[in-house]
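>>> The sequence isn't on hand, but the structure is:
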């Protein structure tokens, strides 16, 4: 086994039916990858799959085929919901990106979701960006590069021309963020970095992203490295977000793991070390005021919110009411589209999930907390990592929040919340909305009751369905931890209950 392939990102299943801990190992063995995910289940042979009557009632494959459920089954949630987007003119069209399952779309305000992965070969989605002038055009920042859809997500095309060639041992140029010029939607910027983590190299020390920004002038068809001036970003900086001044497209801002940078020449040269902000500040989210582009807000991972009123020349901390320090990890910050004094920020390391300011950042109040999650739903552990928050431009009452296992929506600016990844049923049963982003390690059907299904998940534990997968409830196991993982299991034929 090559030492270059020892880093375990995501398991893959080869066409030979053998599971490999990552794609590198499969390719090194000369095996074509069948799909991303573990090889857990024996598919039916040609005769079984061709026989709709499926006469062998003891075969779990038959029981699955005869179920009335269509689409993914499970309790919903899990995994990591990494990115959010809402159609700028239609509040009920919602896009959600994940770290395992790629892309999901809802056209009914989050009541149900469908996979939209046609053409999408890289399923780690780091940002979703919608062209505001043509909302059917969507760009995805993924670990494999930039993907583009021109039909509202029905299909995707990889746009890598101008990027370095791919590497089977390491992410060669993972795109963490994309920005569209507000005055010309043909002009795009892409920032490099693996934003799902804070590390800057994989376990073998191989670099998977440098302080690099690419530019496209033809709506993503071709790309060229743009930060080529004498003043550069730090070589190993992860670029989290790029923002463009709507009044001056040559003025760009980039939040990075090594401070915030500013360019005044369209991204060729970059400067940092601004008043009031440490050069090493791990900056994440950024928002520019829609009424005064000189006013900017950023989040610092462990240090809350900062504000500038002079286009980033100087910064002041705006943390009254916010926790900071080792128990805080601030990510997104957004501005109400009709009220520039109303802000929202997400913090996933403490009890504060979403906080709101109504006075331009002077003070903050918590509107989504861990206690809120426990009241709203549901039997799943709240990992509380990777928090995202977004507001609808067409109906700002609608706010959506996601973390590593859950997605929540408020229709009244944060007063009340509902879960979008699962629906409650009777008797502590839970029904998926289609947002299934968990790894199932094992699935078994009761030998005495074909309606009963057991599913063992990574991190979520064990779940049971008694209605052929229509709904699931959690099952207590000997492992008391809330995020236990269930490996392959066997159901006793003597006591299958």
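Right, received. Where do you want to start? Computed from a predicted model, the values in this text were never measured in an experiment. Numbers count the residues shown, from 1 in each chain.

>>> Give the residue spans of the stretch 51-200 of the chain that score low on pLDDT.
Counting by pLDDT under 70, the stretch 51-200 of the chain shows low-confidence ranges at 51-71, 167-172, 194-200.

>>> Which parts of it are helices?
Using DSSP state H, counting those that start in this stretch, the helices of the stretch 51-200 of the chain run over 60-65.

>>> Break down it into its strands, ranges please.
81-86, 94-98, 103-106, 114-115, 125-130, 138-142, 145-149, 157-159, 175-180, 188-192 (DSSP state E, counting those that start in this stretch).

>>> possible to save those as a markdown table with mean neighbour count?
C-beta: built from backbone N, CA, C; applies to glycine. Listed next are the strands of the stretch 51-200 of the chain as a markdown table, based on neighbours: other CB atoms under 10 Å:
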| stretch | mean neighbour count |
| --- | --- |
| strand 81-86 | 24 |
| strand 94-98 | 25 |
| strand 103-106 | 24 |
| strand 114-115 | 16 |
| strand 125-130 | 23 |
| strand 138-142 | 26 |
| strand 145-149 | 24 |
| strand 157-159 | 18 |
| strand 175-180 | 25 |
| strand 188-192 | 27 |
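
>>> out of those, nearest to residue 311?
strand 175-180 (16.5 Å; CB to CB).

>>> now for that closest one, which elements pack on it?
For strand 175-180, the packing partners by 3 or more CB pairs under 8 Å, 6 or more residues apart in numbering; DSSP states H and E come out as strand 125-130, strand 138-142, strand 145-149, strand 188-192, strand 239-244.

>>> Residue 27: helix or strand, and which one exactly?
Here residue 27, judged by DSSP states H and E, is contained in helix 23-28.

>>> How much space separates the residue nearest to the spatial centre of the chain from residue 403?
For the chain, residue 82 is the residue whose C-alpha lies nearest the centre (CA atoms, centre = their mean; 1.3 Å). Between residue 82 and residue 403 the computed distance is 10 Å (CB to CB, to the nearest Å).

>>> Quick one: closest of the helices and strands packed on strand 175-180 to residue 436.
Closest among those, using CB to CB: strand 125-130, at 15.3 Å.

>>> Give the other helices and strands that the closest one contacts.
Counting contacts by 3+ CB pairs under 8 Å, 6+ apart, strand 125-130 is packed against strand 81-86, strand 94-98, strand 138-142, strand 175-180.

>>> which outside residues touch the second one?
Right, the one you point to is strand 94-98. Residues from elsewhere that reach strand 94-98 (CB atoms under 8 Å, 6 or more residues apart in numbering): 79-87, 103-106, 109-110, 113, 116, 123, 125-128, 130, 138, 140, 153, 400, 402, 407, 420, 435, 437.

>>> quick revisit: any chance of JSON lines for the helices and strands packed on strand 175-180, columns distance to residue 325?
Listed next are these as JSON lines, based on distance: least, CB to CB, whole Å:
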{"stretch": "strand 125-130", "distance to residue 325": "26"}
{"stretch": "strand 138-142", "distance to residue 325": "29"}
{"stretch": "strand 145-149", "distance to residue 325": "36"}
{"stretch": "strand 188-192", "distance to residue 325": "27"}
{"stretch": "strand 239-244", "distance to residue 325": "20"}
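
>>> Any idea how many residues pack against residue 393?
For residue 393, the neighbour count with other CB atoms under 10 Å is 17.

>>> on that earlier part again, for the strands of the stretch 51-200 of the chain, give me TSV that also has distance to residue 367.
TSV is the format used below for these (distance: least, CB to CB, whole Å):
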stretch	distance to residue 367
strand 81-86	16
strand 94-98	19
strand 103-106	22
strand 114-115	29
strand 125-130	23
strand 138-142	28
strand 145-149	32
strand 157-159	37
strand 175-180	26
strand 188-192	29
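
>>> Select, out of those, the one closest to residue 216.
Evaluated over the strands of the stretch 51-200 of the chain, closeness to residue 216 peaks at strand 188-192, with 4.4 Å, by CB to CB.

>>> The following helix or strand past the closest one: partners in the sheet, and parallel or antiparallel?
Later in the chain than strand 188-192, the nearest helix or strand by DSSP H and E is strand 213-216. Note on strand 213-216: by DSSP bridges, its sheet partners are strand 188-192 (antiparallel), strand 224-225 (antiparallel).

>>> what's the angle between the longest one and strand 239-244?
Which is strand 188-192. Strand 188-192 and strand 239-244 are oriented at 160 degrees to each other (axes from the mean of the first three to the mean of the last three CA atoms, to 10 degrees).

>>> can you start the count at 472 instead of 1 from here on
Okay, using 472 as the starting number, the last item reads as strand 659-663.

>>> what's the average pLDDT for the helix holding residue 498?
Helix 494-499 carries an average pLDDT of 72.
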